[in-house]
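**Student:** can you look at this prediction? I've put the sequence above it.
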Amino acid sequence: MAQYGKASYWDDRYTKDPEPFDWYQRYDGIKDILGTYIKKEDQILMSGAGNSRLSEDMATDGYRSLFNIDISKVVVEQMVAKTGDRMGFEWKQMDATSLDFADENFDAVVDKALMDSLLCGEGSTANVNKMCAEVSRVLKPKGVYIVISYGIPDNRLSYLENKDFNWSVTVKTVRKFRAPRHAVPLHVVCCCGTGLTTTITTTTSRGLWSRRRWFDCLVLNRWVLCCAIGWILD
Ligand SMILES: C[S@@+](CC[C@H](N)C(=O)[O-])C[C@H]1O[C@@H](n2cnc3c(N)ncnc32)[C@H](O)[C@@H]1O
């Protein structure tokens, strides 16, 4: 979907469908991970915020400073109209690959499905590299970049483990709300930062995916065996 990286695509989509929509996960699904890395008083940048309810749910849970940006003018206008006077909330149309913020401005940058969108657009490698460089620039020295993504993380790690940023990356997984059978049943959360000290056990989606496939094979083989025995006994 090459258009996922284009403002015009998102403007059009939000004009046609202004209803709130959360990609991948609602706040409840990632609340514990966010709470491990982000303090309630931290300055948070929600990058590519769209019309997700994540910022509002975080504010309701006590996070005090959420700066939301999106490349789509349409969604920014809609969200300003909806949440504009909420304390600790700001909205601005901005391109995540060229941030209009001073260096070392935020304690945390949260990216839910934005990196994935850029990866689906034209010039994806250059754009994701630019975005990560901007995140690294605007994060305070002990800040954290949290990327919520889908699928196997290796491709995202090739960007996040860039030595220029000097980030340690911890990969965590979150179960999808409704995983279709045979789909990878997890979302991936990459927690990146220079000042990270927490080490948490990682379950890679690849490991879980292969365990699930082995289980499916076992079930299938038992079914074939039963059919064969039934056929012989007939
Ligand atoms: C897949 S949606 C995710 C929306 C929201 N974060 C969520 O989790 O539901 C991607 C969002 O990123 C925005 N976007 C795409 N490219 C962008 C860019 N270069 N800078 C800022 N936002 C961008 C789109 O307008 C869209 O709202």
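**Tutor:** Sure, I can see it. Residues are numbered from 1 along each chain as shown.
**Student:** how about the residues of this protein by the ligand?
**Tutor:** Taking Cβ under 6 Å from any ligand atom as the contact definition, the chain meets the ligand at 5, 10, 22-23, 48-50, 52, 69-72, 75, 95-97, 112-114, 117-118. Using the backbone N, CA and C atoms, a C-beta is placed for each residue, glycine as well.
**Student:** surely S52 is in a strand?
**Tutor:** No. Applying DSSP: H, G, I helix; E, B strand; the rest coil, one finds S52 to be coil, outside a strand.
**Student:** I'd say it and W23 touch.
**Tutor:** Yes. Because the distance of 6.9 Å satisfies Cβ atoms under 8 Å, S52 is recorded as touching W23.
**Student:** where does this structure have low pLDDT?
**Tutor:** Counting by pLDDT under 70, the low-confidence segments of the chain come to 1-2, 151, 178-184, 197-234.
**Student:** returning to that earlier point: out of S52 and W23, which sits in the busier spot?
**Tutor:** Between S52 and W23, counted using other Cβ atoms under 10 Å, S52 has the larger neighbour count: 24 against 17.
**Student:** returning to what we had before: what do S52 and W23 both touch?
**Tutor:** Between them, S52 and W23 share these contacting residues under Cβ atoms under 8 Å, 6 or more residues apart in numbering: K112.
**Student:** and the longest strand seen in the chain, how far from the chain's centre?
**Tutor:** When the chain is parsed with DSSP state E, its longest strand is strand 139-150. Strand 139-150 has its average C-alpha position 10 Å from the chain's average C-alpha position, going by Cα atoms, centre = their mean, to the nearest Å.
**Student:** pull out the buried positions in it.
**Tutor:** L139, K140, G143, V144, Y145, I146, V147, I148, S149, Y150 (16 or more other Cβ atoms under 10 Å).
**Student:** over to stretch 36-49?
**Tutor:** Buried positions in stretch 36-49, judged by neighbour count with 16+ other Cβ under 10 Å: Y37, I38, D42, Q43, I44, L45, M46, S47, G48, A49.
**Student:** repeat for stretch 14-33
**Tutor:** In terms of neighbour count (16+ other Cβ under 10 Å), stretch 14-33 has its buried residues at Y14, D22, W23, Y24, Q25, Y27, G29, I30, I33.
**Student:** just stretch 60-73 next, same as before
**Tutor:** When burial is assessed from 16+ other Cβ under 10 Å, stretch 60-73 yields the following buried residues: Y63, S65, L66, F67, N68, I69, D70, I71, S72.
**Student:** C-alpha coordinates for it, PDB please?
**Tutor:** Coordinates of each C-alpha in stretch 60-73 appear next as PDB, following Å, rounded to 0.1, in the frame of the first residue of the first chain:
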ATOM      1  CA  THR A  60      -7.600  10.000  31.600                       C
ATOM      2  CA  ASP A  61      -5.200   7.600  33.300                       C
ATOM      3  CA  GLY A  62      -3.100  10.600  34.600                       C
ATOM      4  CA  TYR A  63      -0.500  11.300  31.900                       C
ATOM      5  CA  ARG A  64      -0.200  15.100  32.000                       C
ATOM      6  CA  SER A  65       1.500  16.300  28.800                       C
ATOM      7  CA  LEU A  66       0.700  14.800  25.400                       C
ATOM      8  CA  PHE A  67       1.700  16.500  22.200                       C
ATOM      9  CA  ASN A  68       0.000  14.900  19.200                       C
ATOM     10  CA  ILE A  69       1.200  15.300  15.700                       C
ATOM     11  CA  ASP A  70       0.000  14.000  12.400                       C
ATOM     12  CA  ILE A  71       0.800  14.700   8.700                       C
ATOM     13  CA  SER A  72      -3.000  14.900   7.900                       C
ATOM     14  CA  LYS A  73      -4.400  18.400   8.300                       C
END
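**Student:** having no further points to raise, I will conclude here.
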